[in-house]
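In: only the shape, not the letters, is given here:
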């Protein structure tokens, strides 16, 4: 009976060591996964910065187009007014 208890105790100790090794492996794997998530977060931050840059470019382009439209409309009205004035004053 004593030898059976001793064998069971040794087997339990071996099982516990094996479980500890497995838990350490799982912990290492979780650390690797955490590092990978950090890398993905950094990459997403870079993508966000690029989108912000593109957004700024679009805002600048929109502003330029707005100014161009105002100048074009003003020029069109001025030329139209000059043509109408020329038609009225010419015989």
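Out: Nice, thanks for sending it over. Keep in mind that what you see is a predicted model, and the values were worked out from it rather than measured. Numbering: from 1, shown residues only.

In: if you average the pLDDT over the host helix or strand of residue 14, what comes out?
Out: Following DSSP states H and E, the helix or strand that holds residue 14 is helix 2-89. Helix 2-89 comes out with an average pLDDT of 94.

In: now do it: distance to the chain's middle.
Out: For helix 2-89, the distance from its own C-alpha centre to the chain's C-alpha centre is 1 Å (Cα atoms, centre = their mean, to the nearest Å).

In: give the other helices and strands that that helix contacts.
Out: In terms of contacts (3 or more Cβ pairs under 8 Å, 6 or more residues apart in numbering; DSSP states H and E), helix 2-89 is not packed against any helix or strand. Every C-beta, even on glycine, is put in place using the N, C-alpha and C of the backbone.
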